[in-house]
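Peer 1: compute the structure for the input listed below.
(4 chains)
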Number of protein chains: 2
Amino acid sequence: MGQTTEPDFLSALSAADVRRLLAHAEERRFRGRETLFRQGEPIHGLFLIREGTVKVSQLGPDGNEVVMRLAGPGRVIAAVAAFAQPERFPVDAKALDNVATWFWPRPAARELARELPAFAAALTHEISCQTQGIQLRLRELATERVPQRLAHILLRLAEQAGVQDDGAVRIDIPLTKQDLAQMTGTTLFTVSRLLSEWAEKGLVEVGRARVALRSLEGMRRLAAPAQRERG
Amino acid sequence: MGQTTEPDFLSALSAADVRRLLAHAEERRFRGRETLFRQGEPIHGLFLIREGTVKVSQLGPDGNEVVMRLAGPGRVIAAVAAFAQPERFPVDAKALDNVATWFWPRPAARELARELPAFAAALTHEISCQTQGIQLRLRELATERVPQRLAHILLRLAEQAGVQDDGAVRIDIPLTKQDLAQMTGTTLFTVSRLLSEWAEKGLVEVGRARVALRSLEGMRRLAAPAQRERG
DNA sequence: CGAATATTTGATAGCGTTCAAGGTACGTGG
DNA sequence: CCACGTACCTTGAACGCTATCAAATATTCG
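Peer 2: Down below sits the predicted model:
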């Protein structure tokens, strides 16, 4: 989520560079609900997702949790690990389904970033896209109402992970109402209510940890800025 | 705001690198309310702020505006200009007071980033700090109530631009209630009401585009509590 | 001084959270 | 394969925070 459906991270690199990178990578797999790393832990390396989806969230002191982005195949997690600064993960990363990754321990990542400028450049690009995605979220959260925000989130998810399914676009990521709430900045109750309402109108289909958009048209109307009276 | 009061950008570089960089920089000055660049414009270069404060905000389609961060002396704006990607500014930058900057046209910045690895590294660091700051804001916006958020903002501003002033910490940036509202994710009315209330309790002093914290203690109490749950 | 900008305050309505109380799908072990 | 525990979901009711609108006031600056 957030960044506008970028091409696979590796596609920006030459075949030679890719070979070089993968030679130093270890494969790591995670099952749904497993943790890739926890907020506050020392940064030990970076991940490139090959399959599955990872929920990257930030935890608050009161135990609340806000999703920063969902990272799917071709996306990098903890890209900053390749550069100097942060000592510890500022966010939490959990697998939503079965996830396959390449992993580079931090020293190797640093080394490779120094030797392969294209790798460093691609990582920087990755980081800036994340920033933009989050800025967009911040603006939406600050200026839009819940229904509008939820509609935006769903449209973005459909673009990112939508699969055609019986005349609807199913979001191919298992997301609970709670997850959607943490992405939208609301409660699971409000999400449930809104989706029920939209389902009645035929705009969406919902199930347990499942959403499909039946009318992109209608969703876009809900996501559009609220109409103002003129006078 | 946002990033945790980082040291001056140039302090991470060697004297030789700094000399080299400044040799290619042009000085640019702006008066209060002047625009450094507009959202949507082609990115023409990057700025290092020497004096003054710049408001970096994102505009929405309905004309609403949300402040992403305030950048003061030692901070870089549009750091991405030194790297490949974005074609256009994703945000708007306006001077809040008189601002003095070094400016590097994009081609020069790219060239320098290639030649001076420490420069590229420092820019990357700058970008990651921004990201973290915005992530923090996003979490606060999603989970905290207006008073708590406003208190957080004020404390952060005090840390970033506070000057001792007659037993209070004055925030040395001209910020209207509107500005504060756009940082907090609320309306200028609510900001006005809250500050009036806090002023009566002796926690703050307010004036036209002026805020001073009289009790950091009290502000921290307002920023901390709320044992609510969500997530 | 006049114009533009910034602020205060009240009244009102409504969105969305909170709390409570079931209901429903899922997968795991017996 | 069934039963049971766990997670997930739905819906109602009520309240309170905050946006909204309106109008008057204050401050700054040219």
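Peer 1: so which residues of chain A form strands?
Peer 2: A:26-30, A:35-37, A:45-51, A:54-59, A:65-71, A:76-77, A:92-95, A:99-105, A:162-165, A:168-171, A:204-207, A:210-213 (DSSP state E).
Peer 1: so how far is the second one off the chain centroid?
Peer 2: In this case it means strand A:35-37. Offset of strand A:35-37 from its chain centre (CA atoms, centre = their mean, to the nearest Å): 15 Å.
Peer 1: could you do the shortest one as well?
Peer 2: Counting by CA atoms, centre = their mean, strand A:76-77 is centred 10 Å from the centre of its parent chain.
Peer 1: can you pull out the helices in chain A?
Peer 2: A:15-23, A:106-115, A:117-143, A:146-161, A:177-184, A:188-200, A:216-223 (DSSP state H).
Peer 1: how about those in TSV, adding distance to chain B and mean neighbour count?
Peer 2: All C-beta atoms are positioned from the backbone trio N, CA, C, and that covers glycine. Below are the helices of chain A laid out as TSV (distance: least, CB to the nearest CB, whole Å; neighbours: other CB atoms under 10 Å in any protein chain shown):
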stretch	distance to chain B	mean neighbour count
helix A:15-23	15	13
helix A:106-115	8	17
helix A:117-143	4	22
helix A:146-161	10	21
helix A:177-184	6	24
helix A:188-200	9	16
helix A:216-223	11	15
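Peer 1: any idea how far apart the tips of stretch A:31-49 sit?
Peer 2: 13 Å (CA to CA, to the nearest Å).
Peer 1: that stretch near DNA strand D anywhere?
Peer 2: No. Using CB under 7 Å from any atom of the strand, we find that stretch A:31-49 stays clear of DNA strand D, coming within 7.8 Å at best.
Peer 1: again with stretch A:138-153
Peer 2: No. Judged by CB under 7 Å from any atom of the strand, stretch A:138-153 and DNA strand D are separated, with a smallest distance of 8.2 Å.
Peer 1: skipping adjacent residues, who's closest to A:Met183 in space?
Peer 2: Spatial nearest neighbour of A:Met183, excluding adjacent residues (CB to CB, 6 or more residues apart in numbering or on different chains): A:Val67 at 4.5 Å.
Peer 1: ok now stretch A:9-26, how far from the chain's centre?
Peer 2: 22 Å.
Peer 1: what's in contact with that stretch?
Peer 2: Around stretch A:9-26, the neighbours that count as contacts under CB atoms under 8 Å, 6 or more residues apart in numbering or on different chains are A:48, A:74-76, A:102-105, A:108, A:112, A:116, A:118-119, A:121-122, A:125-126.
Peer 1: most centrally placed residue in chain A?
Peer 2: Central residue check for chain A by CA atoms, centre = their mean: the C-alpha nearest the mean position is that of A:Leu70, 1.6 Å away.
Peer 1: and that residue, how far is that from DNA strand D?
Peer 2: 15 Å (CB to the nearest atom of the strand, to the nearest Å).
Peer 1: which ones are touching that residue?
Peer 2: A:1, A:53-56, A:96, A:157, A:160-161, A:173, A:183.
Peer 1: in JSON lines, list these along with pLDDT and distance to A:Ala209.
Peer 2: Conversion of the contacts of A:Leu70 to JSON lines gives the following (pLDDT from 0 to 100; distance: CB to CB, whole Å):
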{"residue": "A:Met1", "pLDDT": "51", "distance to A:Ala209": "16"}
{"residue": "A:Thr53", "pLDDT": "97", "distance to A:Ala209": "12"}
{"residue": "A:Val54", "pLDDT": "97", "distance to A:Ala209": "16"}
{"residue": "A:Lys55", "pLDDT": "97", "distance to A:Ala209": "12"}
{"residue": "A:Val56", "pLDDT": "97", "distance to A:Ala209": "18"}
{"residue": "A:Leu96", "pLDDT": "96", "distance to A:Ala209": "9"}
{"residue": "A:Leu157", "pLDDT": "98", "distance to A:Ala209": "13"}
{"residue": "A:Gln160", "pLDDT": "94", "distance to A:Ala209": "17"}
{"residue": "A:Ala161", "pLDDT": "95", "distance to A:Ala209": "13"}
{"residue": "A:Ile173", "pLDDT": "97", "distance to A:Ala209": "9"}
{"residue": "A:Met183", "pLDDT": "98", "distance to A:Ala209": "14"}
